[in-house]
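Chemist: Any chance you could fold what I've pasted below:
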Amino acid sequence: MIKVAVCGSNGKMGKEVVKAVSENSEMEFVAGIDLNNAEFKTIEEAHKSKEIDILVDFTQPDSIYENALYCLNNGVNIVIGTTGLKDEQIDELKQLSGKNKVACFIAPNFSTGAVLMMKFAQLAAKYFDNAEIIELHHNQKKDAPSGTAVKTAQLMAESKKSFISGNCAETETIKGARGADSYSDIHIHSVRMPGYMASQEVIFGSDGQTLSIRHDSTNRTCYMPGVLMAIKYVYENKSFTYGLDNIL
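Modeler: The predicted structure is shown next:
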């Protein structure tokens, strides 16, 4: 049995992970960690009291880096669903994972449909010179742009240096009107609105045509197959992995 702890166990995603793990015949839920009404308040408390094979983290952008550092420095394999890590932080976690031989699995999105959307966008990027990303989430999401949008832009940027071919010189009369200028000049627009959960659209354009690739999540259960897949993978592979696409 894979002994799994969940950090952020009382959050919306955390509760779904606890339920999914508890219902899986190959796993045992051993510890809930949350500042609000959980068995343990910190990862350290849980680690000292329970045997943990893997910790799944769905917390907040301002805490995930320190949580990951604790795990990697103390032999706790970690699956990270929390977004908001900076590139340099991800690089450091990768180095620390390799050095200590402790697994670190980071996924900007655990939905298989969203991962396919990213891969389709990566494929399309080879054939278009202009592209932008619009991501839409509920108004309780703290980080912007989303980790999925950032990962998508990174994948697309592998194809070319710029996606604003032929654009005229622009002047923003209101700062930020053109969104964030990310990898290879891909503009990312973040929408925060009640009524959404998680959606993303990648728009490609060229003379005479546009192509839109869109994915919508309507409930959080769609992420659970990917989370369970990552847990099983980490249990068998003590290495660093960034993106669910690497194990599909």
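Chemist: Point to the residue nearest the middle of the protein.
Modeler: Centroid-nearest residue in the chain, with CA atoms, centre = their mean: residue 108, separated by 1.5 Å.
Chemist: How many residues are close by the closest residue to that residue other than its chain neighbours?
Modeler: In space, and not counting its chain neighbours, residue 108 is closest to residue 147: 3.3 Å by CB to CB, 6 or more residues apart in numbering. Backbone N, C-alpha and C define where each C-beta goes, glycine included. Neighbour count for residue 147, taken as other CB atoms under 10 Å: 21.
Chemist: same thing with the one 3 residues further on?
Modeler: Residues near residue 150, counting by other CB under 10 Å, number 24.
Chemist: helix or strand for it, which one?
Modeler: Using DSSP states H and E, residue 150 maps to helix 147-157.
Chemist: what lines up beside whichever helix or strand comes after that helix in the sheet?
Modeler: With elements assigned by DSSP H and E, the helix or strand that comes after helix 147-157 is strand 180-181. Here strand 180-181 has these sheet partners by DSSP bridges: strand 187-192 (antiparallel).
Chemist: could you give the angle of the partner strand to helix 147-157?
Modeler: Strand 187-192 runs at 170 degrees relative to helix 147-157, counting by axes from the mean of the first three to the mean of the last three CA atoms, to 10 degrees.
Chemist: Now strand 187-192: average pLDDT?
Modeler: Mean pLDDT, strand 187-192: 98.
Chemist: Tell me the buried residues in the helix or strand that that strand is followed by?
Modeler: As assigned by DSSP H and E, the chain's next helix or strand after strand 187-192 is strand 198-206. Residues of strand 198-206 classed as buried under the neighbour-count rule (16 or more other CB atoms under 10 Å) are 198, 199, 200, 201, 202, 203, 204, 205.
Chemist: and after strand 198-206, which helix or strand comes next?
Modeler: Assigned by DSSP H and E, the successor of strand 198-206 is strand 209-217.
Chemist: one step back: from memory the residue nearest to residue 108 sits against residue 83, does it?
Modeler: Yes. The pair residue 147 / residue 83 is scored as a contact, 3.1 Å apart, by CB atoms under 8 Å.
Chemist: Which residue, other than its chain neighbours, is closest to residue 11?
Modeler: If the residues on either side of it in the chain are set aside, residue 11 comes closest to residue 58, at 5.9 Å by CB to CB, 6+ apart.
Chemist: Please name the residues that touch the one you found.
Modeler: Applying CB atoms under 8 Å, 6 or more residues apart in numbering to residue 58 gives the contacts 6, 7, 8, 11, 13, 14, 17, 81, 82.
Chemist: What ranges does this structure have for its strands?
Modeler: 2-7, 27-33, 54-57, 77-80, 104-106, 130-137, 180-181, 187-192, 198-206, 209-217, 240-242 (DSSP state E).
Chemist: who does the first one touch, helix- and strand-wise?
Modeler: Just to be clear, that refers to strand 2-7. Using 3 or more CB pairs under 8 Å, 6 or more residues apart in numbering; DSSP states H and E, the elements in contact with strand 2-7 are helix 12-22, strand 27-33, helix 43-49, strand 54-57, helix 224-236.
Chemist: Please identify the pairing partners of that strand and their relative orientation?
Modeler: Strand 2-7 has its sheet partners listed here by DSSP bridges as strand 27-33 (parallel), strand 54-57 (parallel).
Chemist: likewise the fourth one?
Modeler: Sheet pairing of strand 77-80 (DSSP bridges) gives strand 54-57 (parallel), strand 104-106 (parallel).
Chemist: Correct me if wrong: residue 115 contacts residue 247.
Modeler: No. Using CB under 8 Å, residue 115 makes no contact with residue 247, being 9.8 Å away.
Chemist: Who has more neighbours out of these two?
Modeler: Higher neighbour count among residue 115 and residue 247: residue 115, with 23 against 16, using other CB under 10 Å.
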